[in-house]
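Asker: What follows is a protein structure lacking sequence information:
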């Protein structure tokens, strides 16, 4: 994954990896990284749906590099497809290494979000 020179999509979320998010070796838990990607997906999809969305699925996700304590994690999102009630996003996670100030792609995945109405039922995504 590090062959990509720059992120795809729009910067949607930035956060710093802290010691509480790490295992004893200093690597950040994959679940924490995935949670940040899910938050960014929700932000982007909710803006497009103009309302509430939920995560329906995560596909094709693989971790190529670890995130370390002190790294800045940047999440980029790009809407790939809008269905009747769903929004499919490409989500990339890039780490800016605290000690070296270089940015590396650590993982990417496809997130599928579903728009919901006020009763929690799937609802059509409005036209742009």
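Answerer: Received it, and whenever you're ready, just let me know what you need. Predicted model only: the values in this text are computed from it and were never measured.
Asker: Look up phi and psi at the spatially most central residue of the chain.
Answerer: Among the residues of the chain, the one closest to the centroid is residue 37, at 2.2 Å (CA atoms, centre = their mean). Phi and psi for residue 37, reported as degrees, to the nearest 10, are phi -70, psi -40.
Asker: For this protein, which segments are assigned as strands?
Answerer: Here the chain has its strands, by DSSP state E, at 10-16, 53-63, 72-82, 86-96, 103-115.
Asker: Adding mean neighbour count, write the ones you listed out as CSV.
Answerer: No exception for glycine: its C-beta is placed from N, CA and C like everyone else's. Listed next are these as CSV, based on neighbours: other CB atoms under 10 Å:
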stretch, mean neighbour count
strand 10-16, 15
strand 53-63, 14
strand 72-82, 19
strand 86-96, 22
strand 103-115, 21
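Asker: of all the ones you listed, which lies closest to residue 28?
Answerer: Distance to residue 28, taken as CB to CB, is lowest for strand 72-82 among the strands of the chain, at 7.9 Å.
Asker: Does anything pack onto that closest one? Which helices or strands?
Answerer: strand 10-16, helix 30-49, strand 86-96, strand 103-115 (3 or more CB pairs under 8 Å, 6 or more residues apart in numbering; DSSP states H and E).
Asker: I'd like these written out as CSV, with distance to residue 77 and mean pLDDT added.
Answerer: As requested, those are exported to CSV (distance: least, CB to CB, whole Å; pLDDT from 0 to 100):
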stretch, distance to residue 77, mean pLDDT
strand 10-16, 5, 98
helix 30-49, 4, 98
strand 86-96, 5, 98
strand 103-115, 8, 97
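Asker: Need the ones you listed in TSV (columns: distance to residue 67).
Answerer: Shown next, in TSV, are those (distance: least, CB to CB, whole Å):
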stretch	distance to residue 67
strand 10-16	10
helix 30-49	6
strand 86-96	5
strand 103-115	6
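Asker: Which of the ones you listed sits closest to residue 58?
Answerer: Here strand 103-115 is closest among the helices and strands packed on strand 72-82 (CB to CB), at 5.5 Å.
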